[in-house]
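S.K.: Any chance you could fold what I've pasted below:
(2 chains)
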There are 2 protein chains.
Amino acid sequence: MNTFPPTDFETLDPQDWETMRALMHQMVDDAVGYLANVRDREIWQQMPPEVMASFTGPVPTQPSSAESVYEELQSTVLPYNMGNVHPRFWAWYMGNGTISGVMGDFWASVMNPNVGGGNHAGIEVERQVLNWMKEIMGFPASASGLLVSGGSMANFSALTVARNVKAGYDIRQEGIRPEIAGKMIAYASGEVHSCNQKALELLGLGANSLHKIRVNPDYTINLEALANQIQEDRAKGLLPFCVIGTSGTVNTGAIDDLPALADLCEAENLWFHVDGAIGAVAVLAPNAKASLAGIERADSIAMDLHKWLHMPFEAGCVLIKDASAHKNAFSLIPEYLAKNTRGVASGENWPSEYGLQLSRRFRALKIWMSLKEHGTEKFGRMIARNIEQAQYLGRLIAMEPTLELLAPIGLDIVCFRYNPGGMDLAALNALNKEIKLQLEEQAIAVPGYTTLADAYCIRIAIANHRSTTEDFDVFLEELLRLGKLLNG
Amino acid sequence: MNTFPPTDFETLDPQDWETMRALMHQMVDDAVGYLANVRDREIWQQMPPEVMASFTGPVPTQPSSAESVYEELQSTVLPYNMGNVHPRFWAWYMGNGTISGVMGDFWASVMNPNVGGGNHAGIEVERQVLNWMKEIMGFPASASGLLVSGGSMANFSALTVARNVKAGYDIRQEGIRPEIAGKMIAYASGEVHSCNQKALELLGLGANSLHKIRVNPDYTINLEALANQIQEDRAKGLLPFCVIGTSGTVNTGAIDDLPALADLCEAENLWFHVDGAIGAVAVLAPNAKASLAGIERADSIAMDLHKWLHMPFEAGCVLIKDASAHKNAFSLIPEYLAKNTRGVASGENWPSEYGLQLSRRFRALKIWMSLKEHGTEKFGRMIARNIEQAQYLGRLIAMEPTLELLAPIGLDIVCFRYNPGGMDLAALNALNKEIKLQLEEQAIAVPGYTTLADAYCIRIAIANHRSTTEDFDVFLEELLRLGKLLNG
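M.R.: From the prediction side, this is the model:
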């Protein structure tokens, strides 16, 4: 009866498991070498044109051996990595990853469950991880949450719930009604991350619905300006619905006055969302915990565990205090997703009822394994050390006459420039940009950059569990060398 | 100067790489055993209460050894997997995963780049994979695309572009204006996947904006009803903007008449989106290619490579024919994301400019490695065999008097029930539900289920590269045994 006799039977499994097993062992050895010796490799290098050209061929119709594909990976992909695994990578805001996280991801792919729903271990592991996140953030056990792709999706998800709750009618069914179109307003400081604007655009509220409030000299939101803007907007007939506080702004690591925002939102009946993609997990660090007080009063928090908790990408998380509001925003159960009372399709409150995704990777596993292996106190020490390193770098900058701090140091973010004196803004900007590029091109370090009040800043964001004090010494030595050379 | 002497220096790396290496080798051997012997293990089993209870503890503050965490994984997580790695799992619509995909994910986590943007190999690999997807789907090289979490995000992304293009003004800036609120209408058959409705809800258009059109007896959209509805809606002053065709409906695998929909959309100036999460990749199969003709005329296609291409979760893909419309819907470049002309932050058209996410996992790598290893022809054979298996199952059902096919077989989806005669609908539904549950609980198979015209269907969706003909023989034998037993 079998029309595919076993001898001819073809699957996507290896024809010979032993050959594949040997290759996998080789990969493990290479990966250990790759990470254990990360400091000895170039942090970044430009891909040569001939390698670039290797990525232009048509889709392969015929097979190649797994070994030859791996050889290609080793020659064309591995050497040209982004560099954030390296101890001197401090650009944008990213973690390093860890080998424990790698193996969590490995098992997630081996088991390959769909953690959109059902009755299986993946669901329980994610539930526990979410409970841990609530516990860490001081949220009640009755709150809900979801692991998502990252901070953008976490903020989007929270703002969806905020929009739906504050619209005051069934906006899921009816959409944005004419009488509220262009009127629902969210507030955040001018330093708010752009993904919040993108979320409001996607939600149909438009970029205009985000009223950006000026910041204080420490880059936190100006509370008086915020309160005034809300009153002005109400007077105009607009409908304020949400305040987005930031715990750790992307430019300078500033933390808004969260208790004051919580008070204001309570008084004004506004949804209080905290974008904590950068700083929320710093509640684990003894030297940062106090600065985050009040975050537990938020209606929702966006977190990003692939940043300062160093999970491999992707590992975002959203927490919502009102679990039923969360579910009401996303749950949709057609006939083919109806639940059973027993078996694999049973269980209440499937993760897919709390977010955009239906099929979902088992991203909880690497978090579960990493938190069990390291424990929160160790993660807290890693975070605390990065904060100390930022202060250390700040002291070195203060001691060096040709270096100039351009913003107060927030959490682990230091913005500064090389300024030997006597140069105008344009020349200073060009010089610092060139210094930053040559640091990369000479594979010394990958600093970040931003612009504050038209000044190009070298921006060091130290979410790096591998950085040592000496890394900052080397970095500044080389930066000063390049500064003198380029300005010579 | 180093305040953290190397001897005390703590990171999230293993204290002893050799111990970790040994553990990783053990994991590789266990994973090979897990997948090579998948047929010998229970497809699914209920997690016992005492194991369930193990997931209720507080967040660990103290460390545990990686070995002990792995032991816990082996005892509490691995045995209670969802089951879609198994040859007799045909529920919902999921792939199995592959070991090559696992190792692609492994390297993605080891390298851990952020494929949101920048100048590094991850960007080139994703670009090539997207070019391959365009090539496979018959899209021009000038089209754009993005790898996303899955079908839900792919559909959401495409409908975002459709909304923004067809609004006819800067909807990103202004949001939904009062004059279009409640008026923009999308069309799809009543069999359209619910994630499209969810997308329209999120986009502020509301579930009401989705006009569901009745289907023909073969579950494809009724074209006359669609054309009439569009005219009626225009007469009412509504603003039709989009038709969503489905290539492979979730209930029965039906493929809408895509050329007719393309013609209609051209004539009516509507965006033509195809939800191809299930069926788009079947263009690779010689026995399905013809049924998908016309898909290349779509303005956008949603694909899901963790379904019928068996990539480990997550691997969705969206293709958009008008690349600039795509970029216009998502690109947002604040000062801290400004690009350089050289170095790691250079390059045009970053992936984050084409979607919601900013930080993005290197999900392209597993696809790149798998397509190189297997080639598209082999993937096509795997898909073709599943389609043949569905026909085979259909023939067995037709030959057995107590089995009843409940819908035409579309692609690889078979809906049927056990019907010994003389039972009313409620009793038949209850009986078939019980049969399905006992098949799971006795670890024989995991069939899916749905409801068609109030009839509970056992629904077999064969996106499974490990299923053999014999698996279907065993499945029906056991199903008939249970049917007789339960109805005895």
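S.K.: which element is A:Gly375 on?
M.R.: In the assignment (DSSP states H and E), A:Gly375 maps to helix A:364-399.
S.K.: right, I mislabeled it, should have said A:Tyr456
M.R.: Using DSSP H and E, A:Tyr456 sits in strand A:455-461.
S.K.: That strand - contacts with which helices or strands?
M.R.: strand A:89-90, strand A:413-418, helix A:425-441, strand A:446-452 (3 or more C-beta pairs under 8 Å, 6 or more residues apart in numbering or on different chains; DSSP states H and E). In short, each C-beta sits where N, CA and C put it, glycine included.
S.K.: CSV for these, including mean pLDDT and distance to chain B?
M.R.: As requested, these are exported to CSV (pLDDT from 0 to 100; distance: least, C-beta to the nearest C-beta, whole Å):
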stretch, mean pLDDT, distance to chain B
strand A:89-90, 98, 9
strand A:413-418, 98, 10
helix A:425-441, 97, 4
strand A:446-452, 96, 4
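S.K.: and whichever helix or strand comes after the strand holding A:Tyr456, C-alpha only, in CSV?
M.R.: As assigned by DSSP H and E, the chain's next helix or strand after strand A:455-461 is helix A:469-486. This file holds the C-alpha atoms of helix A:469-486, laid out as CSV (Å, rounded to 0.1, in the frame of the first residue of the first chain):
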residue,chain,number,x,y,z
THR,A,469,37.4,48.7,32.6
GLU,A,470,40.5,48.3,30.4
ASP,A,471,38.3,48.3,27.3
PHE,A,472,37.3,51.9,28.1
ASP,A,473,41.0,52.8,28.7
VAL,A,474,42.0,51.4,25.3
PHE,A,475,39.0,53.1,23.7
LEU,A,476,39.8,56.5,24.9
GLU,A,477,43.6,56.2,24.3
GLU,A,478,42.8,55.2,20.7
LEU,A,479,40.2,57.9,20.3
LEU,A,480,42.6,60.6,21.5
ARG,A,481,45.3,59.2,19.2
LEU,A,482,42.9,59.5,16.2
GLY,A,483,41.6,62.9,17.3
LYS,A,484,45.2,64.3,17.3
LEU,A,485,46.1,62.6,14.1
LEU,A,486,43.0,63.7,12.2
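S.K.: so what's A:Leu23 up against?
M.R.: By C-beta atoms under 8 Å, 6 or more residues apart in numbering or on different chains, A:Leu23 lies in contact with A:66-67, A:70, B:103.
S.K.: Which of these fall within helices?
M.R.: Per DSSP state H, helices hold the following members of the contacts of A:Leu23: A:66-67, A:70, B:103.
S.K.: top of those by neighbour count?
M.R.: Tallying neighbours with other C-beta atoms under 10 Å in any protein chain shown puts B:Met103 at the head of the ones in helices among the contacts of A:Leu23, with 30 neighbours.
S.K.: Just confirm yes or no for stretch A:62-76 near chain B.
M.R.: Yes. Residues of stretch A:62-76 are located near chain B by C-beta under 8 Å from any C-beta of the partner chain, namely A:62-66, A:69-70, A:72-73, A:76.
S.K.: what about the residue in the stretch 51-200 of chain A that chain B sits nearest to, neighbour count?
M.R.: Across the stretch 51-200 of chain A, no residue is closer to chain B than A:Gly175, which sits at 2.6 Å (C-beta to the nearest C-beta). Each residue near A:Gly175 was counted by other C-beta under 10 Å, and the total is 25.
S.K.: ok, now which ones touch the nearest residue to it once chain neighbours are set aside?
M.R.: Leaving out its chain neighbours, the residue that sits closest to A:Gly175 by C-beta to C-beta, 6 or more residues apart in numbering or on different chains is B:Gly206, at 2.6 Å. Going by C-beta under 8 Å, 6+ apart, B:Gly206 touches A:171-176, B:182, B:200.
S.K.: redo that, cut-off 6 Å
M.R.: Residues in contact with B:Gly206 (C-beta atoms under 6 Å, 6 or more residues apart in numbering or on different chains) are A:173-175.
S.K.: Count the residues that sit near the residue of the stretch 101-250 of chain A found nearest chain B.
M.R.: As assessed by C-beta to the nearest C-beta, chain B sits closest to A:Gly204 within the stretch 101-250 of chain A, at 2.0 Å. If you count neighbours by other C-beta under 10 Å, A:Gly204 ends up with 27.
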